[in-house]
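Participant: please work out how this folds:
(one chain, ligands or ions: 3)
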Amino acid sequence: MTNDRTAAEPVRITVGATDGTEAYDVLVGRGLLGELPGMIGTAARRVAVLVPEALAASGDQVRDDLAEQGYEAILVQLPNAEEAKTAAVAQYCWRALGQSGFTRSDVIVGLGGGTATDVAGFVAATWLRGVRWVAVSTTLLGMVDAAVGGKTGINTEEGKNLVGAFHPPAGVLCDLDALAALPRHDYVAGLAEIIKAGFIADPRILELIEEDPEAARTPDGPHTAELVERAIRVKADVVSGDLKEAGRREILNYGHTLGHAIEKNERFQWRHGAAVSVGMVFAAELGRLAGRLDDATADRHRAVLASVGLPLTYRGDQWPRLLETMKVDKKTRGDLLRFIVLDGLAKPTVLEGPDQAMLFAAYGEVAE
Ligand SMILES: NC(=O)c1ccc[n+]([C@@H]2O[C@H](COP(=O)([O-])OP(=O)(O)OC[C@H]3O[C@@H](n4cnc5c(N)ncnc54)[C@H](O)[C@@H]3O)[C@@H](O)[C@H]2O)c1
Ligand SMILES: O=C(O)C(=O)C[C@@H](O)[C@H](O)[C@H](O)COP(=O)(O)O
Ligand SMILES: [Zn+2]
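Facilitator: Numbers count the residues shown, from 1 in each chain. Ligands and ions are numbered 1, 2, ... in the order given. Predicted coordinates for the structure are as follows:
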């Protein structure tokens, strides 16, 4: 990452104010670190930068830059990936804030992928009942989804993101230069959420990937910036109208009911995007079996996800465990399981209480 102030003007996507929260900007571009102090604001004296081990060098650089700007900057190192999203790590962060005398006017920066920004946002939501935070997203998945929208949280033994808060950031930086260092399988995992945005709202995304799937697998592809921007616009549009998931926001959970169950079953060792990929194939089959989704759109899921190297199947013998986990999905109401399915391309809807036979049949289509 660089803080080159001569870089081209970033694209600015505004996430609207809802539920009494302030609007904020998501900046997409290159060499964006110079924008960070503006998002932190002038009221802060201390800034805590929460960063995963893998990005320790970037964390040092950001801390040094902030110190030069006059902030008292502290670095809090997180474990990589899902290991960061635990109560123990949140507690470690609270301790670091307490020891540095962190007050309500101070600011947290989450620097990293979706796991780092989820935990940084959660720590910001809970410290002193809520302090300002900024997301500096460094993965494809984080840029197009996790850093935007204010869902923050951690996992528990019982499942994914079961503890958390809605606490929107004050701003989000998506510096596309960061993607060059991202391992290929992490980049590809991010494509799952982009493809999700394509199926639920913006089919042009699917066309751009289908044009040249191999190119879509790398940050050097010709459409990278457009794919990132389109997916962020989908997310910004949805969360601007429904921060707390009272209704329409549930569409962003397409593929996640089974996806989260797979992640838990794999003890959070699978990448989120990979699990969501299998979950979307399952949701497409469910939509087809429920008589909602046409064959061509259902089949298109497999084609586009496979074309970029995302998984389509999961262990057949695990269905009973997955079903149990899905019963505590956040969309469940009482004993009623609820799934996001498609009524057609870009027509997401809720399927309530499908019977066990239909669920099992849909799982049969993804079972190895
Ligand atoms: N809050 C939300 O709305 C939301 C939305 C989607 C996903 N999520 C969450 O996001 C998480 C997944 O995020 P992710 O896919 O970004 O994974 P991640 O944060 O685990 O990052 C993947 C790995 O890449 C490393 N890394 C990050 N940036 C790097 C870079 N530029 N170069 C090299 N390595 C880098 C990380 O340390 C990690 O080891 C899941 O926990 C998921 O639940 C949250
Ligand atoms: O922002 C949302 O709303 C989403 O559902 C986006 C998902 O991609 C994301 O994985 C989110 O963290 C899932 O939320 P959860 O409430 O199902 O835990
Ligand atoms: Zn997701």
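
Participant: so how far is residue 214 from the closest residue to residue 212 other than its chain neighbours?
Facilitator: The shortest distance from residue 212 to any non-neighbouring residue, by CB to CB, 6 or more residues apart in numbering, is to residue 221 (7.1 Å). Quick note: C-beta positions are derived from backbone N, CA and C, even for glycine. In this view, residue 221 and residue 214 are 8 Å apart by CB to CB, to the nearest Å.

Participant: neighbour count: the two, which is higher?
Facilitator: The residue with more neighbours, out of residue 221 and residue 214, is residue 221; 18 against 10, by other CB atoms under 10 Å.

Participant: what does the pLDDT read for the more buried one?
Facilitator: In this model, residue 221 is scored at 96, pLDDT.

Participant: thought it was touching residue 211?
Facilitator: No: under the criterion of CB atoms under 8 Å, residue 221 is not in contact with residue 211, lying 9.8 Å apart.

Participant: buried residues in stretch 97-111?
Facilitator: For stretch 97-111, burial by neighbour count (16 or more other CB atoms under 10 Å) applies to 97, 100, 102, 106, 107, 108, 109, 110, 111.

Participant: tell me, how many residues neighbour the residue in the stretch 51-200 of the chain that ligand 2 sits nearest to?
Facilitator: Taking CB to the nearest ligand atom as the measure, the stretch 51-200 of the chain has residue 161 as its residue closest to ligand 2, at 3.3 Å. Neighbour count for residue 161, taken as other CB under 10 Å: 19.

Participant: next, the buried residues of whichever helix or strand it is part of.
Facilitator: According to DSSP states H and E, residue 161 maps onto strand 159-166. For strand 159-166, the neighbour count (16+ other CB under 10 Å) marks 159, 160, 161, 162, 163, 164, 166 as buried.

Participant: against ligand 1, how distant is the spatially most central residue of the chain?
Facilitator: For the chain, residue 146 is the residue whose C-alpha lies nearest the centre (CA atoms, centre = their mean; 2.4 Å). Distance from residue 146 to ligand 1, counting by CB to the nearest ligand atom, to the nearest Å: 3 Å.

Participant: what sits against the closest residue to that residue other than its chain neighbours?
Facilitator: Nearest residue to residue 146 in three dimensions, chain neighbours excluded: residue 114, at 3.0 Å (CB to CB, 6+ apart). By CB atoms under 8 Å, 6 or more residues apart in numbering, the contact set of residue 114 is 137, 139, 141, 142, 145, 146, 147, 272.

Participant: the second one: what's it in contact with?
Facilitator: Under the criterion of CB under 8 Å, 6+ apart, the neighbours of residue 139 are 112, 113, 114, 146, 178, 179, 182, 186, 187, 190.

Participant: any chance of the residues you listed in a markdown table, plus secondary structure?
Facilitator: Putting the contacts of residue 139 into a markdown table (DSSP: H, G, I helix; E, B strand; the rest coil) gives the following:
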| residue | secondary structure |
| --- | --- |
| 112 | strand |
| 113 | coil |
| 114 | helix |
| 146 | helix |
| 178 | helix |
| 179 | helix |
| 182 | coil |
| 186 | helix |
| 187 | helix |
| 190 | helix |
